[in-house]
Structure formats: structure tokens, C-alpha cells
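Peer 1: I need the structure of the sequence given here:
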Amino acid sequence: MDANLHTMSNLFAQLGLPSDADAIEEFIRRHRPLGNEIALYRAPFWTEAQRSFLKEEIIEDADWAAVIDELNGRLH
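Peer 2: This is a model prediction of the structure:
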């Protein structure tokens, strides 16, 4: 898949969350700061499916890893 398609908006859509800019900012505002000891995929606000997707993509350094890292930084 083309890496250019992996935007924050696309990630939120992939996770089944509202993906417009305002909804993303509200999600981040509502859930931050995430403690440094908590891995992104272990945060309590994810569903099991969301958690599995995030974990797998990061561990495999897959196509979504860069935008997931961005989300991780914004939440921590």
C-alpha cells in the first residue's frame, strides 16, 4: 500500500473512529497525557481489535508504523 495514504485521518478511520480533524484533536485532548510507562496499544481506551491492530503494526514495523508513532507521541 502507498505510504502516502497513511495519514492520521486514515488511521482513525482504520480504527473505526471518527476521522475528521476536529474529532482527532478531541480524541487526543481527551486521552492525553498517556503515562510513559503505558505502551500505546495497552491504553485502556482501545477495543481489543484496535489494540491488536496497533500492536501488530508496530511490532512488524508495517506500513502504518510511522503514523502510529505520531499518534503515540501526541498522546504521551
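
Peer 1: can you give me the helices for the protein?
Peer 2: Secondary structure of the chain (DSSP state H): helices at 8-14, 21-31, 48-59, 65-75.

Peer 1: as a markdown table, those with distance to residue 40, mean neighbour count and mean pLDDT would be great.
Peer 2: For every residue, glycine as well, the C-beta is placed using N, CA and C. Below are those laid out as a markdown table (distance: least, C-beta to C-beta, whole Å; neighbours: other C-beta atoms under 10 Å; pLDDT from 0 to 100):
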| stretch | distance to residue 40 | mean neighbour count | mean pLDDT |
| --- | --- | --- | --- |
| helix 8-14 | 11 | 17 | 97 |
| helix 21-31 | 10 | 13 | 98 |
| helix 48-59 | 6 | 15 | 96 |
| helix 65-75 | 4 | 16 | 96 |
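
Peer 1: ok, residue 43 - contacts?
Peer 2: Residue 43 is in contact with 31, 34, 75, counting by C-beta atoms under 8 Å, 6 or more residues apart in numbering.

Peer 1: what about 6 Å?
Peer 2: For residue 43, the contact set (C-beta atoms under 6 Å, 6 or more residues apart in numbering) comprises residue 34.

Peer 1: kindly report the same for residue 34.
Peer 2: Under the criterion of C-beta under 6 Å, 6+ apart, the contact list for residue 34 reads 43, 75, 76.

Peer 1: distance of it relative to residue 63?
Peer 2: Computed as C-beta to C-beta, to the nearest Å, the residue 34 to residue 63 distance reads 23 Å.

Peer 1: next one: stretch 9-25 to chain centre, how far?
Peer 2: Centroid separation for stretch 9-25 versus its chain: 9 Å, with C-alpha atoms, centre = their mean, to the nearest Å.

Peer 1: swap in stretch 29-47?
Peer 2: Centroid separation for stretch 29-47 versus its chain: 10 Å, with C-alpha atoms, centre = their mean.

Peer 1: how about stretch 65-74?
Peer 2: 6 Å.

Peer 1: for stretch 24-37, same thing?
Peer 2: Using C-alpha atoms, centre = their mean, the offset of stretch 24-37 from its chain centre is 10 Å.

Peer 1: endpoints of it, how far apart?
Peer 2: Length of stretch 24-37, first residue to last, C-alpha to C-alpha, to the nearest Å: 23 Å.
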